[in-house]
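Novice: Okay, predicted coordinates and the sequence, questions at the end:
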Amino acid sequence: MRVFTLVFLALVSSGAFALSEETKRPNILFISVDDLRPELGCYGAPLVKSPHIDKLAARGTLFTRAYCNIPVCGASRASLMTGIRPTRSRFVSYDTRLDRDTPEAVTLSQHFKENGYQALSYGKVQHFPDDRAETWSEIPWRPDYPVYDGEQKDWRNYLSLENRTIASTQKDGRALPWEKIDVPDEAYFDGGIAKKAADFLTDSRSQERPFFLAVGFFKPHLPFNAPSKYWDLYDPSQFSLPKNYHPPFEAPKIAIHNFGELRQYYGVPRKGPLNEEMALKLVHGYHACVSYTDALIGTVLDALKKGGHDDNTIIVLWGDHGWNLGEHSLWCKHSNFRSSLRVPLLVITPGMPEGKRCDALVELVDVFPSLVELTNTKPPKTLQGDSFRAQLLDSEAPGKREIFSQWKSGATVKTNRHIFTQYLGRKGNILGEMLYDHHEDIEENTNLVEEQPEIANELRERLPRGKQLAEMPE
Ligand SMILES: [Ca+2]
């Protein structure tokens, strides 16, 4: 295997795989899956039914230690799409807008559009379809859903009579945090998104010039609505709550939240722990949605093959942040724990090694510079991440020394062995700190910040100072 790698690297350095102006640039299929935690068959979770993603992983590189830079949808996506890090004042919430936070930055879609690509967005890619829409070749497409009072109220996409009845009585159209109904895949928005992408990939338009096709699936974001057959893939008795269904020992209170996102659904208590029946049904519903999305990814990949694009398309599959299914007593995202920060990331590049698992540290801000390098295009000056092309060529190539995440007042640095978070008040006062040893305590159950002051101090020094990462020089 080592010999193969050396031969391969020699070929690469000799330019055998280098793209030239005469070579047709590769297409890019960019699949985002909302709230997908890295708990899939290919990530070592055999009970999770994700056959299509598992098959995809066998064709390229799976990153085992990929982290988001901020654990909330809109901000994480904005950061990835600009290659710029979040701070306490930039890319902070679910409703982040690029045209407000970084109006001048070259976005990923804009970069490829300006390099002759057709740049298309189907489904949930950026939070707002109208946000810097000019950076795409067409206005980002989403399934039609009713708009009331200027707001998109029906994005939850309930189909069952029970949920629609409940929603009609609620001020903002909310209902149960799940839905199981016997409908075809196409009935929900995500089925429509997969069909739209498949239609393009098998259409002559996809042959005209290289494409950057971003396909964004809404599930497994709450509410956990999926066709019955995906719920039925699982025996409810197989699910249990995690061993660490409790806050970490010695953790600061600020590290734990009240999972307000889930509290907004009908039947979920306003505070306190969930009863076990509800907790286990949420775990079941989440997995049903993962398997539903996995099947739709299969639909898109079949179309990619049918369209004859397999050999000339880079595929990136990523989740925008992690998700807690009871870990640390938490639900949803919005925290500085590994369970909120770690994401799935698969990259398939034609001509590069297949079936690799890479343990190097990578962060989502690295995706943009990687795609720039893989397509031999000129990087925008604003990029703050680093290309992981070297890791795609050799999964054992050394990675970054450290990566960073930010969630509100909490700034996190992750190294090969440790993860350290400091919560800082507006006046620079320390609100709390956490240190976990991932070699000894991967689940982050015991805060070592008092017990290991030397390591804590070293990592404290490695956090960006002053106004945090935001205003770091480029
Ligand atoms: Ca999300």
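Specialist: All right, it came through fine.
Novice: Could you use CA atoms for every contact and neighbour count after this?
Specialist: Will do.
Novice: Which pLDDT does the model give K171?
Specialist: Looking at K171, its pLDDT stands at 76.
Novice: in which helix or strand would I find it?
Specialist: For K171, there is no helix or strand it lies in under DSSP states H and E.
Novice: May I have the phi/psi pair for it?
Specialist: Dihedral pair for K171: phi -50, psi -40, per degrees, to the nearest 10.
Novice: Likewise for A397?
Specialist: phi -60, psi 140.
Novice: Buried residues in stretch 277-286, which are they?
Specialist: 279-286 (16 or more other CA atoms under 10 Å).
Novice: if we take those residues, which one ends up nearest to the ion?
Specialist: Y286 (13.2 Å; CA to the ion).
Novice: Show the secondary-structure elements that the strand or helix carrying the closest one is packed against.
Specialist: Here Y286 sits within helix 276-306, counting by DSSP H and E. Here helix 276-306 touches helix 51-57, strand 178-181, helix 189-201, strand 224-227, helix 228-231, going by 3 or more CA pairs under 8 Å, 6 or more residues apart in numbering; DSSP states H and E.
Novice: mind redoing it with 6 Å?
Specialist: helix 189-201, strand 224-227, helix 228-231 (3 or more CA pairs under 6 Å, 6 or more residues apart in numbering; DSSP states H and E).
Novice: Quickly run through the sheet partners of the next helix-or-strand element following it, with directions.
Specialist: As assigned by DSSP H and E, the chain's next helix or strand after helix 276-306 is strand 313-319. According to DSSP bridges, strand 313-319 forms sheet pairs with strand 27-33 (parallel), strand 345-348 (antiparallel).
Novice: and the residue of the chain found nearest the ion, how many neighbours?
Specialist: For the chain and the ion, the shortest gap (CA to the ion) falls at C73, measuring 3.6 Å. For C73, the count of nearby residues is 25 (other CA atoms under 10 Å).
Novice: swap in Y234?
Specialist: Residues lying near Y234 (other CA under 10 Å) number 18.
Novice: cool, the one 5 residues further on as well?
Specialist: Using other CA under 10 Å, the number of residues around F239 comes to 16.
Novice: which residues sit in contact with it?
Specialist: Going by CA atoms under 6 Å, 6 or more residues apart in numbering, F239 touches no other residue.
Novice: State the distance from it to L325.
Specialist: According to CA to CA, to the nearest Å, F239 and L325 sit 11 Å apart.
Novice: Equivalent analysis for V449, please.
Specialist: 25 Å.
Novice: just R88 next, same as before
Specialist: 26 Å.
Novice: Compare those two and say which is more crowded by neighbours.
Specialist: Set R88 next to L325 and count neighbours by other CA under 10 Å: L325 wins out with 22 against 18.
Novice: Report the beta-bridge partners for that one.
Specialist: Note on L325: beta-bridge partners by DSSP bridges are W331.
Novice: Can you verify my assumption that it contacts W331?
Specialist: Yes: at 5.4 Å, L325 and W331 qualify as touching, with contact defined as CA atoms under 6 Å.
Novice: mind listing what's buried in stretch 294-309?
Specialist: 294-304, 307, 309.
Novice: Dump those to TSV, plus pLDDT.
Specialist: Shown next, in TSV, are the buried residues of stretch 294-309 (pLDDT from 0 to 100):
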residue	pLDDT
D294	98
A295	98
L296	98
I297	98
G298	98
T299	98
V300	98
L301	98
D302	98
A303	98
L304	98
G307	98
H309	98
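Novice: Of the residues you listed, which are in range of the ion?
Specialist: Counting by CA under 5 Å from the ion, the subset of those that neighbours the ion is empty.
Novice: re earlier: what angle sits between the helix holding Y286 and helix 189-201?
Specialist: 10 degrees (axes from the mean of the first three to the mean of the last three CA atoms, to 10 degrees).
Novice: Show me how far helix 276-306 is from its chain's centre.
Specialist: 15 Å (CA atoms, centre = their mean, to the nearest Å).
Novice: quick one: the strands in the stretch 1-150 of the chain?
Specialist: 27-33, 61-63, 66-67, 118-123, 147-148 (DSSP state E, counting those that start in this stretch).
Novice: Would you convert these into TSV that also reports distance to P248, mean pLDDT and mean neighbour count?
Specialist: As requested, the strands of the stretch 1-150 of the chain are exported to TSV (distance: least, CA to CA, whole Å; pLDDT from 0 to 100; neighbours: other CA atoms under 10 Å):
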stretch	distance to P248	mean pLDDT	mean neighbour count
strand 27-33	28	98	23
strand 61-63	26	98	26
strand 66-67	20	98	28
strand 118-123	37	98	24
strand 147-148	42	50	10
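Novice: Which one of those lies nearest to L98?
Specialist: L98 lies closest to strand 118-123 among the strands of the stretch 1-150 of the chain, at 15.3 Å (CA to CA).
Novice: would you list the strands of the stretch 1-150 of the chain in JSON lines and tack on distance to the ion?
Specialist: Conversion of these to JSON lines gives the following (distance: least, CA to the ion, whole Å):
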{"stretch": "strand 27-33", "distance to the ion": "8"}
{"stretch": "strand 61-63", "distance to the ion": "19"}
{"stretch": "strand 66-67", "distance to the ion": "13"}
{"stretch": "strand 118-123", "distance to the ion": "13"}
{"stretch": "strand 147-148", "distance to the ion": "21"}
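Novice: what ranges do the helices span in the stretch 51-200 of the chain?
Specialist: 51-57, 73-82, 98-101, 108-114, 161-169, 189-201 (DSSP state H, counting those that start in this stretch).
Novice: Can you list the neighbours in contact with the shortest one?
Specialist: The one in question is helix 98-101. 90, 132.
Novice: ok, now the last one?
Specialist: Contacts of helix 189-201 with the rest of the structure, by CA under 6 Å, 6+ apart, involve 123, 185-186, 217, 296, 300, 303-304, 307.
Novice: Looks like D95 contacts A75 (just checking).
Specialist: No: contact status for D95 versus A75: not in contact, 7.3 Å apart, counting by CA under 6 Å.
Novice: Regarding S237, what is its secondary structure?
Specialist: helix (DSSP: H, G, I helix; E, B strand; the rest coil).
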